[in-house]
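Novice: no FASTA, just this:
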Ligand SMILES: [Zn+2]
C-alpha cells in the first residue's frame with residue numbers, strides 16, 4: 001500500500017515549530033538545530049550525489065551538508081531533511097541500527113526510499129509551513145510568479161517551492177520538473193487531480209512534443225542561463241484532457257540541466273459533471289505520477 005509521507009511529516013514539523021515558538025518566514029533550520037544542540041557544518045568532500053548526512057555518536061547528533069551545491073536554498077533544504085531524520089518517529093532507530101553512526105542522504109524528492117521521502121516532506125513542511133505559506137502566497141500573483149516570490153521569501157529552491165505550491169494551492173496547478181525532456185518529478189494540485197478525465201505522466205515519461213517546455217529544452221542555453229518563457233496551452237496538450245486553455249510557464253534551472261514547468265488554469269469544469277473513470281483504478285497520491293504516460297485508456301466516454 002502506498003503511504004503518503006506528508007501526513008506524518010506535516011504534523012511533526014508543525015510540532016517542532018510550535019515547540020520552538022517560530023511563527024515567521026523565513027524559517028532558519030540552523031537555529032532549529034542549535035536549539036537541539038545538533039552540530040552542523042559544510043563538508044566539501046562528500047561524494048557526488050550525496051547532499052548531506054546525519055551522524056550519531058551516543059546521544060549527540062551532527063549534520064554535514066555538501067558544498068557541491070551552490071544554492072543556499074538547497075543547503076537549507078538539506079539541513080531540514082537531516083532534521084527530519086532527527087525528529088521523525090522511527091527514523092533514528094532505523095538509520096542508526098546495528099551500530100551504524102552515519103546516514104547519507106539524497107535530498108530533493110528524487111529518492112524512492114520511504115525514509116528519504118518522509119525527510120524531504122518534513123523539510124518542505126518545516127521550511128514552508130502550510131499556514132504561513134498559504135497566507136503569504138495569496139498576494140503574489142499566480143503560477144511561476146508565485147513560485148519565484150515564495151522561493152525568495154522562504155529562501156528555498158525553486159523546485160521545492162514549486163512542489164509545495166502545487167500541494168497547498170487551491171487553484172488548478174501542475175508542476176513538472178524535467179531533464180532531457182523526461183519527467184523527473186511532477187505533482188498536481190488537489191483541484192487538478194479532481195479532474196478525473198485527465199491522463200497522467202509517470203516519472204521517466206516524455207515531455208509532450210507539442211509543448212513550449214519541449215521546445216524550450218531543445219536549447220541548452222535556455223536552461224544554463226535560467227531563462228523563462230510562457231505560452232498558452234491546453235489541458236489536452238499535457239493531460240490528454242479537455243480542450244481548456246491553461247498557461248504554461250517554464251524556467252531553466254541552470255547548472256543541473258533541469259527545467260521547471262508551471263501549468264496553471266483559470267477555471268475548470270465541475271469534476272462532478274465528468275463521467276467517472278471506468279478502469280476501476282484507485283486514485284493515486286504518488287507524487288511521481290503525472291501527465292503523459294497514457295496508461296489509462298484514451299477514450300473518455
Ligand atoms: Zn536522508
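Specialist: Thanks, I have it. Keep in mind the model is a prediction, meaning the values are calculated, not measured.
Novice: CA only for contacts and neighbour counts going forward, please
Specialist: OK.
Novice: what number of residues lie near residue 82?
Specialist: 30 (other CA atoms under 10 Å).
Novice: in the helix or strand encompassing it, what's buried?
Specialist: In this assignment (DSSP states H and E), residue 82 forms part of helix 72-87. Residues 73-87 are the ones in helix 72-87 that count as buried (16 or more other CA atoms under 10 Å).
Novice: what's the answer for stretch 15-35, then?
Specialist: Those would be 17, 25, 26, 27, 28, 29, 30, 32, 33, for stretch 15-35 by 16+ other CA under 10 Å.
Novice: got the contact list for it?
Specialist: 39-40, 76, 79-80, 83, 126-128, 132, 153-155 (CA atoms under 8 Å, 6 or more residues apart in numbering).
Novice: can I get these in a markdown table including distance to the ion and pLDDT?
Specialist: Converted to a markdown table, these look like this (distance: CA to the ion, whole Å; pLDDT from 0 to 100):
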| residue | distance to the ion | pLDDT |
| --- | --- | --- |
| 39 | 16 | 94 |
| 40 | 15 | 94 |
| 76 | 14 | 94 |
| 79 | 10 | 94 |
| 80 | 10 | 96 |
| 83 | 9 | 97 |
| 126 | 15 | 98 |
| 127 | 16 | 98 |
| 128 | 19 | 97 |
| 132 | 25 | 96 |
| 153 | 25 | 97 |
| 154 | 21 | 97 |
| 155 | 21 | 97 |
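Novice: about what we covered before: flag the least confident of the buried residues of helix 72-87.
Specialist: Among the buried residues of helix 72-87, residue 74 carries the lowest pLDDT, at 86.
Novice: so what's the closest residue to that one other than its chain neighbours scoring on pLDDT?
Specialist: Distances taken as CA to CA, 6 or more residues apart in numbering put residue 157 closest to residue 74, at 5.8 Å, once the chain neighbours are dropped. pLDDT, residue 157: 90.
Novice: pretty sure residue 157 contacts residue 73?
Specialist: Yes - here residue 157 reaches residue 73: they are 4.6 Å apart, a contact under CA atoms under 8 Å.
Novice: quick one: low-confidence ranges for this structure?
Specialist: Low-confidence segments of the chain (pLDDT under 70): 1-3, 70, 107-110, 269-301.
Novice: look through it and state the residue closest to the ion.
Specialist: Here the chain gets closest to the ion at one residue, residue 105, 3.6 Å apart by CA to the ion.
Novice: burial of that residue, as a residue count?
Specialist: 22.
Novice: ok, the one 10 residues further on next?
Specialist: Per other CA under 10 Å, the neighbour tally for residue 115 reads 19.
Novice: just the one 4 residues further on next, same as before
Specialist: Here the number of neighbours of residue 119 (other CA under 10 Å) works out to 30.
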